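*Asks:* here are the coordinates; sequence isn't available:
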């Protein structure tokens, strides 16, 4: 062979090689795409025909309702979910001890007018962490305001000795109800603390809901100052009534509550994992919080998130899927009033040098899945959104279409700073605040298929991260 | 000026003119886009803060529940919605007379085993249009089958004298529950007619629902042959029980119903319109059906569609929007068991030579909006989908993302062949068949915000068609 001929031969071979390589890459890529969509279809099929999350939620709601941190029912919830997880037979199930606050509601929460022609009794519920009123109640004039800023404007002369009634309502025009909630939550969180600075003796906060009904919606408050005053949620309907009364005359209220804080108690995060076959040190975390408020079954908040997370392991086992990375389900204790479980988990992860690839939280209820929001450390956050955009078409058949930056969840957010992409599962939000922290957050208000669709969606995403990591 | 100079001057001017024109078009286009998104934002704001659809639905459900064609409550619904529409003060409100079937359920619908050790009583509900059983009931052996095809395979020797029990369940794996429903509806529609050909004496049909509860779901049947046998829906839970019994032994049933058909009655489509200021002859129709089954308040089916449609006119009036084209709201009578209202409406439209541009139907419940399906005559259907794709970004802030070919609705579909684009409003479908045709389809199971979001979404689309027609 002459040099020229050899060169031409080589060139030809190379061309063939290049063409074949390109063809090969295309075929492999197409095959991967197909096998991913087939696997995701299998995940949804299993979740919708043979899933256990609805049954798990029923047990959690009925056997361990009102599982506020420190309560006997919280202990029951730990035992129950530990058993549920063990029955799935992952590689490991364990309890991570954590000390949690122990606040109890007591038996009294009354609020009635004492100077109106017709007496009014209002539905109130102490905010989590509130101090009690003095025994015999507070008898005082009410002043209605709409923001903490207004409090500052009125000052001590107008506030001192009064019950401050924060009545700013959620903005109904906002489509994402979590955003409306976020626009009003400061009243509940800091209202009492701020009002106490001006000498207020008690606080009522309009329930943070878009559904104007008779149920008060509780939730935690935060005291920063020493001067602690009692604070309660008043139902939206009663808030409207009280506001209407105040437009006509001064209103004097008699308000009494006997809630109190007891010494911290030992509790647990409940954790289970399937060890990765190829990258056991890379952890994909999926979680919700096991504690709930004490006035409901805690079905949407966050029983749904717990059973979603348990279901990820359950579906993988049922489908005989062996993950490449470690899949860890974490049921955090004490999200509602202290986040002690999440803080401890994150501290321990750092101390042990664990490498979390992604952390996915489900804490927005058991409604039809819309998508995921992405937060976390900057580099991982960017990579994650880019990756999700690539996978968008895989979710289209399941009507999952939202992939954008946004908050993840109170629990997984504690991992920020450890090089983790943090994701929040986003279901339809329109009904969530009808039930949130109210006595109606019960199993009966969760739809089976909506819950199952959520489980399948989260599992499908975990599958993709497991296969390809954060930067496929 | 020399010729050359003049030419150059002209060229320069032309260039400037062209540049300015392009700029102008771009600016106008951008302004239009902005003004459209502003108008759509105003529509959603009004619907979510000051909308009337939820209140209208409450009145319709409470004052005229169980408004089956021919019933006194159907008459009430006509009067009530006529008044609702008149209160909105559109240009015209009128009633379109139509003769409708008048079938009544009677007072008896029982079904129990007569040869089992433990007696079983099953929850059944006559299918709409069914003939009664003979007085004293049918006492006969049951045979379970899963399809009409299987009926043909078994033949007269196995079917004659028996009660045929169609037990094919909806396929849970299908994401769009209307598709699952479509896969099973033949049993309910034609089961009795087909079974009668082989000498069956009665038919039971598994309720067409994904929620395995104790409620039978009714719905119409169609007799084509003269040999009419009685047919009833059995609750999904009882269908499971009956099927389990049949796996062990022969089962003899005693089934009795006293439903019957009365002579046709006069009823009405309720229609209202705002006349277009520029193209009064181009009609944009939006509608739902006013009749419902007789065993519920008909909240999702199709109270929601009625109040969605009424709300389009209401929101335009409240926003002081003067449409360019004619916007017509049609509440069709008798969709459930005959479609007499829709047929008459379409025939009359043709006779009068009315030009319908688009027909939008809402008959899939009052759940969170997902998008629209497009059907209709070929040219219009294609143009419409193309147009919807162009507008997609305007709906994104409201999480409305589905624009694809698919069925529109039973009522507007009767306009096919008149050069109309036909659209179906598509809300989340996961909960729909929990309530569909069951005694649980009540106002309490409709969420206010989900319903309002639907109204706003339909109104926004009507606004865009009104502004730009089918081919913008």
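*Replies:* Noted; the coordinates are in hand. Keep in mind that what you see is a predicted model, and the values were worked out from it rather than measured.
*Asks:* C-terminal to the helix or strand of chain A with the lowest mean pLDDT, what's the next element?
*Replies:* Among the secondary structure pieces of chain A, namely its helices and strands, helix A:3-50 has the lowest mean (mean pLDDT, DSSP states H and E), a mean of 77. Sequence order places helix A:53-63 as the next helix or strand after helix A:3-50, per DSSP states H and E.
*Asks:* which other helices and strands contact that next one?
*Replies:* Contact here means 3 or more CB pairs under 8 Å, 6 or more residues apart in numbering or on different chains; DSSP states H and E; on that basis helix A:53-63 packs against helix A:72-88, helix A:304-318, helix A:448-468. C-beta here means a position set from N, CA and C on the backbone, and glycine is covered the same way.
*Asks:* next one: it to chain centre, how far?
*Replies:* For helix A:53-63, the distance between its averaged C-alpha position and the chain's averaged C-alpha position is 18 Å (CA atoms, centre = their mean, to the nearest Å).
*Asks:* now do that helix: everything it contacts.
*Replies:* A:47, A:76-77, A:80-81, A:84, A:297-299, A:303-304, A:306-308, A:310-311, A:314, A:366, A:442-443, A:446, A:448, A:451-452, A:455 (CB atoms under 8 Å, 6 or more residues apart in numbering or on different chains).
*Asks:* next, the angle from that helix to helix A:448-468.
*Replies:* Using axes from the mean of the first three to the mean of the last three CA atoms, to 10 degrees, the inter-axis angle of helix A:53-63 relative to helix A:448-468 is 120 degrees.
*Asks:* can you check what angle separates helix A:53-63 from helix A:72-88?
*Replies:* 150 degrees.
*Asks:* give the contact list for the residue most central in space within chain A.
*Replies:* Nearest residue to the geometric centre of chain A (CA atoms, centre = their mean): residue A:363, 2.2 Å. Counting by CB under 8 Å, 6+ apart, residue A:363 touches A:288, A:289, A:301, A:302, A:305, A:335, A:409, A:410, A:411, A:424, A:425.
*Asks:* that older thread, nearest to chain B, out of the helices and strands packed on helix A:53-63?
*Replies:* With CB to the nearest CB as the measure, helix A:448-468 is the member of those nearest chain B (4.4 Å).
*Asks:* got the angle for that closest one vs helix A:304-318?
*Replies:* Using the same axes, to 10 degrees, helix A:448-468 lies at 60 degrees relative to helix A:304-318.
*Asks:* close to chain B, is helix A:448-468?
*Replies:* Yes: contact between helix A:448-468 and chain B, assessed by CB under 8 Å from any CB of the partner chain, occurs at A:448, A:449, A:450, A:453.
*Asks:* separation between the last one and residue A:427?
*Replies:* Residue A:453 sits 9 Å away from residue A:427, taking CB to CB, to the nearest Å as the criterion.
*Asks:* please enumerate the shared neighbours of those two.
*Replies:* A:368, A:369.
*Asks:* what's the domain layout of chain A?
*Replies:* Here chain A is described, according to automatic domain parsing, as comprising the domains A:44-103+A:263-468, A:108-258.
*Asks:* identify, out of those, the most deeply packed stretch.
*Replies:* Per-stretch averages of neighbours, counted by mean count of other CB atoms under 10 Å in any protein chain shown, single out domain A:44-103+A:263-468 among the domains of chain A, with a mean of 22.
*Asks:* what's the neighbour count on residue A:33?
*Replies:* Burial of residue A:33, expressed as a neighbour count using other CB atoms under 10 Å in any protein chain shown, amounts to 12.
*Asks:* do the one 3 residues further on as well
*Replies:* Applying other CB under 10 Å, we find 17 residues neighbouring residue A:36.
*Asks:* list the residues that contact the closest residue to it other than its chain neighbours.
*Replies:* Sequence neighbours aside, residue A:394 is the residue nearest to residue A:36 in space, at 6.0 Å (criterion: CB to CB, 6 or more residues apart in numbering or on different chains). For residue A:394, the residues meeting the contact criterion (CB under 8 Å, 6+ apart) are A:33, A:36, A:37, A:40, A:460, A:464.
*Asks:* go through those and name the one nearest residue A:202.
*Replies:* Nearest to residue A:202 among the contacts of residue A:394: residue A:460, at 48.9 Å, using CB to CB.
*Asks:* pLDDT at that closest one, what is it?
*Replies:* The per-residue pLDDT reported for residue A:460 equals 98.
*Asks:* list the contacts for the closest residue to it other than its chain neighbours?
*Replies:* Nearest-residue entry for residue A:460: residue A:40, 4.5 Å, with adjacent residues in sequence omitted and distances by CB to CB, 6+ apart. Residue A:40 makes contacts with A:394, A:395, A:398, A:460, A:463, as judged by CB under 8 Å, 6+ apart.
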